[in-house]
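[1] Have a look at this fold, sequence not included:
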């Protein structure tokens, strides 16, 4: 809390007038991050372009809080898809909803943990190629389990 207070230019006691402690602060940050992830939108209907844009936004806006977010979001996967539009784009491309949700989660993890823009691009390409391979399979052979 002290480091955060210093970063914000306030005293640690001043933070406690807004939150009860670290756990509440982490919860608030996680809620804000989940809201940001849920509201990423794009006008493209190409699943590959949509996911690339999504990853770039998540990386730009949320990567500094990656450790905390991954821990909280990992426990929160049962609350539905991370992003409804992303799920819809992937389902329209041919993935089942469970696979689409898993793909969004994987893209989020890649975006949050990328060490640089070049590593994001390289890691993202691998994941997108995996999704393309999944889409290339006949519909009956696609597993509904992530």
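    That came through fine. Since the structure is predicted, the reported quantities are computational estimates derived from the model, not experimental observations.

[2] State the number of residues packed around the closest residue to residue 57 other than its chain neighbours.
    Spatial nearest neighbour of residue 57, chain neighbours left out: residue 40 (4.9 Å); criterion: CB to CB, 6 or more residues apart in numbering. Where C-beta positions appear, they are placed from N, C-alpha and C, glycine not excepted. Neighbourhood size, residue 40 [other CB atoms under 10 Å]: 20.

[3] Could you tell me which residues make contact with the residue most central in space within the chain?
    For the chain, the residue nearest the mean C-alpha position is residue 108 (3.0 Å; CA atoms, centre = their mean). For residue 108, the contact set (CB atoms under 8 Å, 6 or more residues apart in numbering) comprises 37, 55, 58, 73, 82.

[4] Checking the last one next. Helix, strand or coil?
    Same thing as residue 82. Judged by DSSP: H, G, I helix; E, B strand; the rest coil, the three-state class of residue 82 is coil.

[5] Name the helix or strand of this protein that has the lowest mean pLDDT.
    helix 66-75 (a mean of 71; mean pLDDT, DSSP states H and E).

[6] Now do the buried residues in that helix.
    66, 68-69, 72-73 (16 or more other CB atoms under 10 Å).

[7] Tell me the one among those residues nearest to residue 121.
    residue 66 (17.3 Å; CB to CB).

[8] list the contacts for the residue nearest to that closest one when sequence neighbours are not counted?
    Once flanking residues are discounted, residue 66 sits nearest to residue 112: 4.1 Å by CB to CB, 6+ apart. Going by CB under 8 Å, 6+ apart, residue 112 touches 58-59, 62-63, 66, 69-70.

[9] How much space separates the nearest residue to residue 12 once chain neighbours are set aside from residue 17?
    Spatially, and ignoring its direct neighbours in sequence, residue 12 is nearest to residue 5 (4.4 Å; CB to CB, 6+ apart). Counting by CB to CB, to the nearest Å, the separation of residue 5 from residue 17 is 11 Å.

[10] neighbour-wise, which of the two wins?
    Neighbour count, other CB under 10 Å: between residue 5 and residue 17, residue 5 has more, with 15 against 8.

[11] This completes my enquiry, with thanks.
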